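Asks: dropping a prediction and its sequence here:
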Amino acid sequence: MTDTGYLVAERALVEQYLSGLDKVLADAELSELEQRGGPALDLFRQAGGPALLIPVAHGGLGATPLEAVRIQRAIAGRSPSLAVGVMMHHLSVATFVEFLTANCEPDAFEWALLKMVAAEQMYVASASAEGKSGQSVLAPTMIARRDGDKFIVNGRKKPCSLSKSMTWLTASVLIEGDEQYDGCVGMAIITADSAGLEVRPFWTSEVLAGAESDEVVLQDVEVSEQLIVFTDQRPGTQMDDVQMRGWTWFEVLAAASYIGVAGALVERVVEAGRGSAVEVGLLHVRLESAMAAVENLARQMDDTSSTAEQRLAQSLIVRFAAQDTVMAVAAEAAALVGGLRFIQDQTVGYLLQAVRAMAFHPPSRDRALTAVSQYMAGGPLDTTVF
C-alpha cells in the first residue's frame, strides 16, 4: 500500500532499531505476511528484533518501554500476526529481565541466556497465561516434578504463539517433589528441541495465522535444575511485584499492537479518499488519544515513584479503554471505506477481524474490571481474580 503521513516518527524508530524492516514489510502483500509459514517472523529476526528489549549491557538493543510500544504499533500496522507473535517474545524477555534485575547481580550466570538470545537472535515463546473460562490465568498448566538434580515437566499450552519459530519456551509450572518449593509456582526455561516437546495443530482460523499460535505439549520433558526459576508464589495468591511488572508489559504491548491494526484500516480510508476531513480526523483523534494513554504509562514503567500495583491497575484501565476504542474505530473505518472496496480489497475485512482478537487476550474483561473497581474504591488490586 502507499504510505501516508501517518506514523512517520514511529516508522523512523523502527528503522533506527531494526534497519530495513519497515520497508520490506510495507513492500510485501499483507496476505503473504499473515499466512501460516509466511516470512514476517524471519524478517523480524533478520533485522535483530529478538534483541529489542534486552539491555545493551547484555548484548541487546536496549529499547525503552516507550520506544517498544511505538515500534510495536508501527509493526502491527504492517503485519498484525507479526505484532502478536513478537509481543509474546517481548513478554518473555521483559519478564525475565524484570526478574533478573530484581534478584541477580549484573554479572550473574542467569544473564547468559539473554546474552545468547541477543547474539543468536532467538525467539522465546511464552507458555504462561491461558484464558480458560472460570480459571485464573495465573494457574500453571504444567507440572515440574523434581527427579534428582533435574525436573520432569508435563503439561500443555494452547494457543502458544511462536510455536514453530521458538528456540526457547518459558513455561509457568507448579513445582512438585521439591523440599523447599513444593506447591510453589516456578518458571521452566525449555529448549524447543527437547525430547518430549511436541507442537500440534490448534489455530484453525486464517486470522493471525502467521503468529504460529498452535498447541505445545510437553510429555516427560527433562529440564536441568539450573533452568528452573523458583519463587515463593503459590497458586491463588496475589501476584508479586515481578509478575505485576510482567503483566503491565503485556497490557501496554497488546494495546499498542491493536491500536496499530486499527490504524491500518484508517490508512486505507485515507488512501481510498473516503470520508470527510472531519470523519477521518475524528478517527485519528480517538486512536491518538488511546495511544497517548499507552505512552504515558510506558513512560512511568521505569519510574520508581509509583508502585508495581499502581502501574498494573493503570495498565488495565489503559488496555480496556484502548480495546473499546479500536473496536469502534475499526468498524467505522471499514464502513467509510465503502461496500465495493470492502468486497474487492480483502485486507479490509481481514484487519477488521484481526482487531477483534484483542478481546480474547487475558485477563477477561469482567475479572479485570472487577479488580480495577475495587482498587479505585480504595482497596488493594486483587490479582487473584485474574
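Replies: Arrived safely.
Asks: what about Glu251, distance to Tyr258?
Replies: As judged by Cβ to Cβ, to the nearest Å, Glu251 and Tyr258 stand 11 Å apart. (C-beta placed from N, C-alpha, C; glycine too.)
Asks: ok, these two, which is more surrounded?
Replies: Comparing Glu251 with Tyr258 by other Cβ atoms under 10 Å, the one with more neighbours is Tyr258, at 31 against 24.
Asks: which residue sits closest to the more buried one in space, ignoring its chain neighbours?
Replies: Met358 (4.2 Å; Cβ to Cβ, 6 or more residues apart in numbering).
Asks: that neighbour and Asp240: what is the separation?
Replies: Distance from Met358 to Asp240, counting by Cβ to Cβ: 27 Å.
Asks: more neighbours: these two, which one.
Replies: Remark: of Met358 and Asp240, Met358 carries more neighbours, 23 against 17, as counted by other Cβ under 10 Å.
Asks: help me confirm that the more buried one comes into contact with Glu251.
Replies: No: if you go by Cβ atoms under 8 Å, Met358 and Glu251 don't touch, sitting 11.0 Å apart.
Asks: how about low-confidence regions in this structure?
Replies: For the chain, applying pLDDT under 70 flags the ranges 1-5, 129-137, 339-345.
Asks: top helix in it by residue count?
Replies: Using DSSP state H to define each element, the chain has its longest helix at helix 241-272.
Asks: what ranges do the strands span in the stretch 1-150 of the chain?
Replies: Here the stretch 1-150 of the chain has its strands, by DSSP state E, counting those that start in this stretch, at 124-127, 142-147, 150-160.
Asks: how about the ones you listed, which one is nearest Ser31?
Replies: With Cβ to Cβ, the closest approach to Ser31 among the strands of the stretch 1-150 of the chain belongs to strand 150-160: 21.1 Å.
Asks: other SSEs contacting the closest one?
Replies: Other helices and strands packing on strand 150-160, by 3 or more Cβ pairs under 8 Å, 6 or more residues apart in numbering; DSSP states H and E, are strand 124-127, strand 142-147, strand 168-176, strand 185-191, strand 214-224.
Asks: tell me the angle it makes with strand 168-176.
Replies: Strand 150-160 runs at 120 degrees relative to strand 168-176, counting by axes from the mean of the first three to the mean of the last three Cα atoms, to 10 degrees.
Asks: before we move on, back to that, deepest-packed of the helices and strands packed on strand 150-160, please.
Replies: Using mean count of other Cβ atoms under 10 Å, the stretch among these with the largest mean neighbour count is strand 124-127, at a mean of 26.
Asks: which residues touch that strand?
Replies: Strand 124-127 is touched from outside by 50, 88-89, 91-93, 96, 117, 141-142, 157, 160-163, 166-172, 192, 216, with contacts defined as Cβ atoms under 8 Å, 6 or more residues apart in numbering.
Asks: distance of the spatially most central residue of the chain relative to Ala313?
Replies: Here the mean C-alpha position of the chain is nearest to the C-alpha of Met87 (Cα atoms, centre = their mean), at a distance of 2.9 Å. Remark: distance between Met87 and Ala313 (Cβ to Cβ) = 21 Å.
Asks: Gly186 too?
Replies: 26 Å.
Asks: got it, and Ile71?
Replies: 25 Å.
Asks: and these two? Which one has more around it.
Replies: Neighbours were tallied for Ile71 and for Ala313 using other Cβ under 10 Å; the higher tally belongs to Ile71 (29 against 22).
Asks: OK, contacts around the more buried one?
Replies: Glu10, Leu13, Val14, Tyr17, Leu18, Leu52, Ala63.
Asks: what of Leu253?
Replies: By Cβ under 8 Å, 6+ apart, the contact list for Leu253 reads Ala68, Val69, Gln72, Met87, His90, Leu91.
Asks: so Glu279, which state does it fall into?
Replies: Here Glu279 is recorded as helix under DSSP: H, G, I helix; E, B strand; the rest coil.
Asks: neighbours around it, how many?
Replies: Number of residues near Glu279 (other Cβ under 10 Å) recorded here: 14.
Asks: surely it and Leu336 touch.
Replies: Yes: with contacts counted by Cβ under 8 Å, Glu279 reaches Leu336, the gap being 6.3 Å.
Asks: any idea how far Glu198 is from Ala211?
Replies: Using Cβ to Cβ, Ala211 is found at 19 Å from Glu198.
Asks: tell me which of these two has more neighbours.
Replies: Shown here are Ala211 and Glu198; by other Cβ under 10 Å, Ala211 has more neighbours (29 against 13).
Asks: that one touches Gly85, doesn't it?
Replies: Yes: using Cβ under 8 Å, Ala211 is in contact with Gly85, at 4.1 Å.
Asks: overlap in contacts, those two.
Replies: Common contact partners of Ala211 and Gly85 (Cβ under 8 Å, 6+ apart): Ser161, Leu162.
Asks: list the contacts for Cys74?
Replies: If you look again at residue 74, you'll see it is Ala, not Cys. Per Cβ under 8 Å, 6+ apart, neighbours of Ala74: Leu7, Glu10, Arg11, Leu13, Val14, Asp22, Gly260.
Asks: if we go to 6 Å?
Replies: Leu7, Glu10, Arg11, Val14 (Cβ atoms under 6 Å, 6 or more residues apart in numbering).
Asks: in TSV, list the residues you listed along with distance to Pro106.
Replies: Listed next are these as TSV, based on distance: Cβ to Cβ, whole Å:
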residue	distance to Pro106
Leu7	35
Glu10	31
Arg11	33
Val14	29
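Asks: neighbour-wise, which one of the residues you listed leads?
Replies: Per-residue neighbour counts (other Cβ under 10 Å) across the contacts of Ala74 peak at Val14, which has 25 neighbours.
Asks: how about that residue: what's its closest non-neighbour residue?
Replies: Distances taken as Cβ to Cβ, 6+ apart place Asp22 nearest to Val14, at 4.5 Å, with adjacent residues excluded.
Asks: ok, the one you found to His284 distance?
Replies: Asp22 is 20 Å from His284, by Cβ to Cβ.
Asks: more neighbours, these two?
Replies: Asp22 (23 against 14).
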